[in-house]
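A.B. asks: sequence unavailable; structure follows:
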Ligand code: CA
């Protein structure tokens, strides 16, 4: 008796044939229902018919580019909840940051291995269904415990004294393991949108936080040129 899974629909927007074929082949083999579009305009016409469970979006497209499509979808009431994974070149760091701030869920840089792409897709789809822990839930990851009610952080059962800002940043990231956040998103979550922020001020907080967390500091990963992510798989 096999397990039948309802597999998700994925719309792939990519103008390079060989990459499109590689993605289509691997996703189909993994059981996903794949639709493809070679331009943002074509993607919009697919989206008018049918909403996918996830969008894989190349940023460099002929005609309307991927960021413009992302912006449009994240503003549309019927499309804003469709998770987006951007496909980017390594050199597109500024665009990656912009895309994440617009609400993209993740990104994969080319060239990518199909295995990595599939892992990211699974993570984003899983996340879509998971609830982020509430402000009163204790978060326990390996040897790290974060208790938002008592405002207490334990590493190996020893209390660490964090500042209020360090605590908020840690709680924000640890509540969403695997998600990449830009510095701007981290600071807005902690201080509100109007707080003046420089990249450096976020980095200083993270340095302080890692130092206080000791061996649990490794859970906070620097994503070069983009921001930070909490990893519970290191
Ligand atoms: Ca392209």
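C.D. replies: That came through fine. Keep in mind the model is a prediction, meaning the values are calculated, not measured.
A.B. asks: what does this protein put close to the ion?
C.D. replies: 15, 58, 60 (C-beta under 5 Å from the ion). Every C-beta, even on glycine, is put in place using the N, C-alpha and C of the backbone.
A.B. asks: ok, 6 Å please
C.D. replies: When proximity is defined by C-beta under 6 Å from the ion, the chain lies next to the ion at 15, 16, 58, 60, 61.
A.B. asks: from those, which ones fall inside helices?
C.D. replies: Among the residues of the chain next to the ion, none falls in helices (DSSP state H).
A.B. asks: who wins for neighbours among these?
C.D. replies: For those, neighbours were counted using other C-beta atoms under 10 Å, and residue 58 has the most, 25 neighbours in all.
A.B. asks: for residue 71, give me its contacts.
C.D. replies: residue 102 (C-beta atoms under 8 Å, 6 or more residues apart in numbering).
A.B. asks: any low-confidence regions in the chain?
C.D. replies: 1-6, 192-197 (pLDDT under 70).
A.B. asks: quick one, strands of it?
C.D. replies: 9-13, 33-37, 54-58, 84-89, 106-110, 139-141, 144-147, 152-155, 158-160, 180-182, 220-223, 227-230 (DSSP state E).
A.B. asks: any idea which residue of this structure lies closest to the ion?
C.D. replies: Distance from the ion to each residue of the chain (C-beta to the ion) is smallest for residue 60, at 3.9 Å.
A.B. asks: what's the burial count for the closest residue to residue 144 other than its chain neighbours?
C.D. replies: In space, and not counting its chain neighbours, residue 144 is closest to residue 216: 4.4 Å by C-beta to C-beta, 6 or more residues apart in numbering. Neighbour count for residue 216, taken as other C-beta under 10 Å: 22.
A.B. asks: what does residue 64 give?
C.D. replies: 14.
A.B. asks: give me the phi and psi for it.
C.D. replies: phi -60, psi 130 (degrees, to the nearest 10).
A.B. asks: tell me the contacts of the closest residue to it other than its chain neighbours?
C.D. replies: Nearest non-adjacent residue to residue 64, counting by C-beta to C-beta, 6+ apart: residue 40, 3.8 Å away. Going by C-beta under 8 Å, 6+ apart, residue 40 touches 13, 61, 63, 64, 65, 66, 68, 69.
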